[in-house]
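Engineer: Any chance you could fold what I've pasted below:
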Amino acid sequence: MSARETQLKLEVKKVQQLYSKMQADQQALQKQLKEFKTQAGSFSDVVEQVLPSVVSVYVMDWETGEEISSGSGFFVSSPDIIVTNYHVVEDIADEDYLYEEDEVEQVLVETHDGKLRMAEVIFTGNAEEDLALLLITGFMLDPETGEQVESPEEYPFLELSLDVKVGDRVIAVGNPLGQFASTVSQGIISAIREPEEYEEGDDEEDVAEVKVLQTDAAINPGNSGGPLINMAGQVVGVNTWGLEDADSINLAIASEALDDFLAGFEETIEDNSQN
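Structural biologist: Next up is the predicted model:
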């Protein structure tokens, strides 16, 4: 069996616990959306349009079945490519790396239709870029047996918008992660910050590599890696958490940087195919 088809089987009890957690998360999200609709009016329509493209990402220790880290992600550029933060997968994935089929690192992805799907880390940036790409596979975990079964569904992907300016209304979206209630939050773009604005010293390592958006929409571990969307449901940024003090500054990696990252992925694949 290929690496795409094999991974250490999680015990049935653990899989059932994960599915139970997912159901609780979905109930929490539906409650929040109901409240959001009352408070935010048309914002909720945009959120409901985007949610089928948003996932939760679980990085697992496949030997113990324990969760190492988690975050959000979303389908982008195709129905099988997911973007998330690099810091979500950094415990299992190298920086700035294109993974070959025989060396993949697998994670679990919770999709909007309530399935635990298998996905592979395929391309990473570094801590400053804080972006990584996952490839969703055609397999899910069966809640009854804990085994992988075929699940060929495709999911809608979100469009990017590079047109963003200070004052634009935005929504930070992510899948719920249990203890974090704020997974959908609204706000505005309060600043657009170029990489050189992060310089803290003479050392080049202190300089961030990408453009980021500062917003007053709350960004936390629950929606880290999820999309920051405009009122047309387009992605203007990738929510990040941990790049700076998230208690006081909410940041998203600008979609312009994500667009460059996706182009770098395609270029790396092309270069490798020619070698």
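Engineer: C-alpha from now on. contacts and neighbour counts both.
Structural biologist: Will do.
Engineer: show me where the stretch 51-200 of the chain has strands.
Structural biologist: 54-61, 66-75, 81-84, 105-110, 116-124, 132-141, 148-150, 169-173, 184-193 (DSSP state E, counting those that start in this stretch).
Engineer: which residues are in contact with the fourth one?
Structural biologist: Outside of strand 105-110, the residues within contact range by C-alpha atoms under 8 Å, 6 or more residues apart in numbering are 7, 22, 55-60, 92-93, 115-122, 136.
Engineer: Buried only: go through the residues you listed for me.
Structural biologist: Buried members of the contacts of strand 105-110, scored by 16 or more other C-alpha atoms under 10 Å, are 7, 22, 55-60, 93, 115-122, 136.
Engineer: can you map out the helices along the stretch 101-250 of the chain?
Structural biologist: Assigned by DSSP state H, counting those that start in this stretch, the stretch 101-250 of the chain shows no helices.
Engineer: where are the low-confidence patches of the stretch 151-275 of the chain?
Structural biologist: 176-182, 196-208, 242-248, 275 (pLDDT under 70).
Engineer: For the nearest residue to P152 once chain neighbours are set aside, give its distance to N85.
Structural biologist: Counting by C-alpha to C-alpha, 6 or more residues apart in numbering, G138 is the residue found nearest to P152 once chain neighbours are left out, at 4.7 Å. Separation of G138 from N85 (C-alpha to C-alpha, to the nearest Å) stands at 22 Å.
Engineer: more crowded one of these two?
Structural biologist: N85 (28 against 18; other C-alpha atoms under 10 Å).
Engineer: That one reaches E128, doesn't it?
Structural biologist: No - the criterion here is C-alpha atoms under 8 Å, and N85 misses it with E128 at 10.3 Å.
Engineer: Appreciated, that's everything.
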